[in-house]
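[1] my questions concern the predicted model and sequence given below.
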Amino acid sequence: MDVDTWTKSIRDAHLRHAAVPDQVRGLHVPYFRRGVLSIPAFKLAAGGDPAVQGRQTSLKLMAGAAKYPADAFFFDLEDAAPDQPEFKRFARQFCSEALLSHDFGDRVVGFRPNNIRTGHFEADLVEVLPAAGHRLQFIVVPKSETADEVRDIAQLVRQACQLFGIARVPQLEVLIESPRAQVQAQAIAAVPGVAALVFGAYDFARCLGSQVHPDTWLQDQAAVRQLLVAIAASEGKDAIDAVTATLPVRPKDAQHRTPQALADRARALQLCQRDAADAARLGFAAKWILHPDQIAPIQSAWNPSRERALHALQVCAGYARAQQAGSGAELAGTQLVDKAVAGELLWVVQAGLRAEVLQDAELAQAGVTLAELVRVAGSR
């Protein structure tokens with residue numbers, strides 16, 4: 001081999017690998033959310049008529065989606081609707097009616113059908129997508145087991161959009177809640193149309209015969225949670241963390257406002273804050289929400305303090321100026337800031353802008369634009 005042949009081999013290798021893009025969290029996700037609120041599509045008090053009292057209660061619950069400040073929500077036809085054909089039928093009807101009845105503003109809107117292996121899946125898609133598919137930005141895929149299953153669902157959704165003139169194809173947010181799904185998570189995340197992998201802590205524990213204890217589940221399920229974040233990011237998708245199932249129930253009235261009830265509520269909020277902070281720190285893009293009072297403590301976990309956001313902006317701006325001056329690394333206090341450190345802090349700057357603890361004017365004062373920061377620190 002001569003030098004020319006060797007250098008040609010270098011160029012050929014470069015061309016082969018240059019086509020492989022960097023992948024970071026959320027690269028292929030067309031929307032942003034910190035919290036995803038689950039809302040039952042069917043609710044009926046014992047002894048009530050599902051067509052009358054069931055409709056009234058269910059539509060009242062789903063109307064809350066128009067006023068709750070959750071970034072995203074979905075109407076749930078699966079776990080929240082009893083596994084009886086009549087109740088499932090009403091859940092589909094009420095879900096479509098609610099989707100068409102309200103202005104949800106800039107919230108990210110979805111629904112959860114029953115899983116593809118059930119007898120309810122076909123009717124869920126056939127009834128909801130033609131009627132209200134144009135209102136949806138995502139579909140939650142429950143009880144996923146294989147990438148083939150998810151590919152089939154993605155194709156069916158694309159076909160529905162073509163058939164019924166739905167311009168925006170809903171993304172899939174796929175629950176990973178079994179060992180087999182975990183093993184196939186990489187292939188599932190790679191399916192076109194998948195936006196997120198969602199960790200289902202309780203079904204995962206059910207498959208293992210383990211437990212989800214409110215005090216220890218972060219440690220008990222640490223391996224699968226942390227791996228899921230990395231797998232999702234490797235395909236440019238998001239990971240969404242499981243629910244905190246200890247709910248901050250409000251005492252109904254003064255009679256029920258006992259010291260124990262207030263202590264239970266305070267503990268539930270503390271657990272929610274702890275779990276959300278852990279999820280944000282690990283790199284989850286969002287967390288599921290089961291109760292309206294969980295919205296604020298969950299979503300705030302992704303909001304940096306103003307002090308932290310300003311510090312991140314100053315460090316990123318300093319790094320950008322250093323790059324322009326010919327330095328690949330810059331000392332900020334006692335920390336050596338290179339592209340990796342600036343890239344980590346860029347997430348804080350972006351979160352600060354979304355939470356409005358940073359303003360565009362402050363970027364201007366720092367002498368940079370967000371586009372410039374993304375260019376110098378946003379990819380490897």
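    Now that the structure is in, tell me what you want to look at. Model, not experiment: these values are computed from the prediction.

[2] in stretch 38-50, what's buried?
    For stretch 38-50, burial by neighbour count (16 or more other CB atoms under 10 Å) applies to 38, 39, 40, 41, 42, 43, 44, 50. Heads up, the C-betas are built off the backbone N, CA and C, glycines and all.

[3] how about stretch 338-348?
    Residues of stretch 338-348 classed as buried under the neighbour-count rule (16+ other CB under 10 Å) are 339, 341, 342, 343, 345, 346, 347, 348.

[4] show me the helices in the stretch 51-200 of the chain, by range?
    With helices called from DSSP state H, counting those that start in this stretch, the stretch 51-200 of the chain shows them at 55-63, 85-101, 121-132, 147-164, 179-183, 185-189.

[5] closest to residue 147 among the buried residues of stretch 38-50?
    residue 38 (24.5 Å; CB to CB).

[6] identify the residue nearest that closest one in space, chain neighbours excluded?
    residue 76 (5.3 Å; CB to CB, 6 or more residues apart in numbering).

[7] can you give me the strands for the stretch 1-150 of the chain?
    For the stretch 1-150 of the chain, strands defined by DSSP state E, counting those that start in this stretch occupy the ranges 35-40, 72-76, 108-112, 138-141.

[8] what are the contacting residues of the second one?
    Right, the one you point to is strand 72-76. With CB atoms under 8 Å, 6 or more residues apart in numbering as the test, strand 72-76 has contacts from 31, 33, 35-41, 62, 65, 95, 98-99, 104, 107-112, 138, 140, 286.

[9] how about residue 102, phi and psi?
    Dihedral pair for residue 102: phi -130, psi 150, per degrees, to the nearest 10.

[10] which residues touch it?
    62, 63, 65, 66.

[11] let's see it at 10 Å
    By CB atoms under 10 Å, 6 or more residues apart in numbering, the residues touching residue 102 are 59, 62, 63, 64, 65, 66, 67, 109, 135.

[12] list buried residues within these.
    Of the contacts of residue 102, these count as buried by 16+ other CB under 10 Å: 59, 62, 65, 109, 135.

[13] turn those into TSV, including pLDDT and distance to residue 192.
    Formatted as TSV, these follow (pLDDT from 0 to 100; distance: CB to CB, whole Å):
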residue	pLDDT	distance to residue 192
59	93	35
62	94	30
65	91	28
109	98	21
135	97	22
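
[14] nearest to residue 320, of these?
    Looking across the buried ones among the contacts of residue 102 and measuring by CB to CB, the closest to residue 320 is residue 109, at 36.8 Å.

[15] roughly how far apart are that closest one and residue 141?
    Computed as CB to CB, to the nearest Å, the residue 109 to residue 141 distance reads 16 Å.

[16] and what of residue 311?
    Separation of residue 311 from residue 141 (CB to CB): 39 Å.

[17] what of residue 293?
    27 Å.
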